[in-house]
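**Q** this is a predicted model, with the sequence first.
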Amino acid sequence: MHYRRFRAYLLCSVLMLMCSAGSFGQLKHIRELQHSLTTIKDSLAYTDVLNELADYNHYRHWDSVLHYAEIAQGIAERHNYQRGIAGALTGKGVYYMTRNNYLSSRFNNDALRMYRKLGDSMRVALLLNNIAINFIFDGNYAKCVAHLYEADRVSRLAKKDTIRTIALLNLIEIDSTLSKRQRDSMLITARRIAEHGKDEIMLSVCHQFEAKRLYDAGSKEEGLARMHEILKEADSAGNFSNMAYIYNDIGHMILQMGGDTSQAMESFTKGLEIAQRQHFFYIASLLMPELASLNEKTGNTAMAYYYARLQLDQTAALSAELQASGFTYLDYLNNERNLREAQARQSAQKRTIYLLILLTIVTAGLLFFLYRSEIASRNMARIQQQLRKETEARNRELEDWDQFHNMLISVMAHDLRAPFASILSITEAFKVIDLLSPEVIKTMMGSLQKTSEDSIRFMEGLLSWIGSKRKGGKYQAEAFRIADVVRESNRFFTQAQEDKNVWLELDESLENEKVFAEKNMLGFICRNILHNATKYAATGKPITVRAFTEGDSVITAVTNHGKELSEAEIRKIFQPEQAVMAKKEGLKGAGIAMIISQDMVHRMQGRIWAESEPGVGTTFYFSLPKAVSTEKTVAV
């Protein structure tokens, strides 16, 4: 790939010169520019001349490129002259291309960004071409080709379409996917553009391509003769860098033809002399190993050692310059290949280095594979954990809904029985309506209406409870006077209490106590306890309800003066097995109501228990948070 590299690099230098002038950079014009520096008063114009001098010296003296570019950059930065800064960065990018490709890429990319902001299509195409050459030195031919096609596209928008000629010629050399027909077509297009623009620079480059294609097609003598003619043209124009490249081409052509080795060595030597004199280090680095190899083959070991020594000295000088620049990027493969050709004794050491690099790459690849595997495993574990959490949350939600449904069924089975029993009792009495007085009938109708109204209110509350569950599973806790809830709940049992000759008796302590609770839950708890109290109360005795404060809670006590319960019976009331047994026996609320009440009390941050005392009866207690503000929300 050496030939591709220096040919593309040559085109890069040609392009720089084209952007600054319309003809070859002759010594006379350089001196005119140098003389104009003594008369220019405007700093911006002075910067433009410095950048133009840097462009012209690509073909005459390499170190002058950096000299003029750095002065131009300093002046442009002081005046914030963006075009001047971009031009200086472009010159430095070309200068460092063969010394420090990383630094060159940085300068070229900075200049590209600036020219894009300035809207300069010609310079954008130039920088895309230069960055493509950076990729060649980096060994990335795919990105190089991509940038060249982009340069071709942008150059069509430029006023000077010769820029496109450079992109086409570089694509001919670099894009290995092109067919012979495509290459010939591109070369014809490039030459037509150069002829139309009367651009002698690009015509000369096209002639070099044509001579090389003649040689490759089999017309070797004709191709070599044409290269000698082009060499004379370059010499006449003072185009030193092009001369050095052409001498290199001629030397290779002679060797490939099986010609006189001494003629090839003479051509390489002349090219090296120009490269050393003008400080064209890259072409010198190509010519020195060729001369060392040819001298070694002809038995002239002294000269072979001399050229090898020259190459080592140049490599050392470039390394020192690289270190001084503050950047450590090097084209290691290129340098090692040159050193290997110059010094055979270092081949074993180089093979060791390559082996270490290979082992490093393999190790890095293995570590990367293990790293990716570990990352994949962690991601899979994280996904599984997330799925497990979601599944658990869903199961909890389903369990909660199942529990809610059971609770709902229990409430309906338990609390609808009493009003329907009262209604049935009244309807049975109406069978003998002829025996009833108007006052009794009126009383019974009033009782029926009251029971029906209470049942409707109960159903409305039940529906509201179901709706709140569907909206997010949160119950709205409010402040209630416990006495009001107890009175409302007892309406379900007034008929049964009258039939049994028992009555509800509220203690004065109950009137002023308020609790935080969900209305439907609290109503169910009260109805459940009052139902049991009515059922087991002794005839002719009251059901007493009282309340007292204990810390932040209000404790409500409901006492029936009837059947006494043992400790074992009290424990059984609040055991979950009682609910399971009730389900198995299909009791739908019987036996399960107290378990549901216990769960509801716990949900409202309270507790429920019972105590039995001989001669007094059984008292059920439940505690709830004392109302200290107006409202809060309690999650189910």
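**A** That came through fine.
**Q** next up, the contacts around residue 268.
**A** 247-248, 251, 287, 290-291, 294 (Cβ atoms under 8 Å, 6 or more residues apart in numbering). All C-beta atoms are positioned from the backbone trio N, CA, C, and that covers glycine.
**Q** which stretches in the stretch 401-550 of the chain count as helices?
**A** Using DSSP state H, counting those that start in this stretch, the helices of the stretch 401-550 of the chain run over 417-429, 438-470, 482-490, 494-500, 519-536.
**Q** most tightly packed of the ones you listed?
**A** helix 519-536 (a mean of 23; mean count of other Cβ atoms under 10 Å).
**Q** quick one on the thing from earlier: out of the helices of the stretch 401-550 of the chain, flag the one nearest residue 145.
**A** When the helices of the stretch 401-550 of the chain are compared for distance to residue 145 using Cβ to Cβ, the nearest one is helix 438-470, at 64.2 Å.
**Q** circling back: counting only helices, which of the contacts of residue 268 make the cut?
**A** 247-248, 251, 287, 290-291, 294 (DSSP state H).
**Q** how about those residues in TSV, adding distance to residue 565, pLDDT and neighbour count?
**A** Converted to TSV, the ones in helices among the contacts of residue 268 look like this (distance: Cβ to Cβ, whole Å; pLDDT from 0 to 100; neighbours: other Cβ atoms under 10 Å):
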residue	distance to residue 565	pLDDT	neighbour count
247	119	89	25
248	114	88	23
251	118	89	25
287	114	87	29
290	114	88	23
291	117	89	25
294	119	90	21
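**Q** now the two most distant members of those residues.
**A** Across the ones in helices among the contacts of residue 268, the longest distance by Cβ to Cβ is 13.9 Å; it joins 247 and 294.
**Q** where do the helices of the stretch 201-350 of the chain begin and end?
**A** Using DSSP H, counting those that start in this stretch, helices in the stretch 201-350 of the chain cover 220-237, 240-256, 261-278, 281-297, 301-325, 332-342, 347-415.
**Q** in the stretch 101-250 of the chain, what spans have low per-residue confidence?
**A** For the stretch 101-250 of the chain, residues meeting the criterion pLDDT under 70 lie at 160-161.
**Q** repeat that with 80
**A** 158-163, 197-202, 237-242 (pLDDT under 80).
**Q** likewise for the stretch 351-500 of the chain?
**A** In the stretch 351-500 of the chain (pLDDT under 80), the answer is 396-437, 439-476, 492, 495.
**Q** swap in the stretch 501-636 of the chain?
**A** Using pLDDT under 80, the flagged stretches of the stretch 501-636 of the chain are 563, 574-596, 615, 628-636.
**Q** so what's the gap between stretch 605-620 and the chain middle?
**A** In terms of Cα atoms, centre = their mean, to the nearest Å, the centre of stretch 605-620 is found 64 Å from the chain centre.
**Q** buried residues, that stretch. List them.
**A** 606, 608, 610, 612, 617-620 (16 or more other Cβ atoms under 10 Å).
**Q** who's in contact with the nearest residue to residue 85 once chain neighbours are set aside?
**A** Nearest residue to residue 85, sequence neighbours excluded (Cβ to Cβ, 6 or more residues apart in numbering): residue 76, at 4.5 Å. Going by Cβ under 8 Å, 6+ apart, residue 76 touches 44, 47, 82-85, 87-88.
**Q** the same query, at a cut-off of 7 Å, please.
**A** 47, 84-85, 88 (Cβ atoms under 7 Å, 6 or more residues apart in numbering).
**Q** and for residue 573?
**A** 594, 610.
**Q** residue 593: which of the helices of the stretch 201-350 of the chain is closest?
**A** Proximity to residue 593 (Cβ to Cβ) singles out helix 347-415 among the helices of the stretch 201-350 of the chain, at 4.5 Å.
**Q** list the helices and strands the closest one packs on?
**A** Contacts defined by 3 or more Cβ pairs under 7 Å, 6 or more residues apart in numbering; DSSP states H and E place helix 347-415 against helix 332-342, helix 438-470, helix 519-536, helix 593-603.
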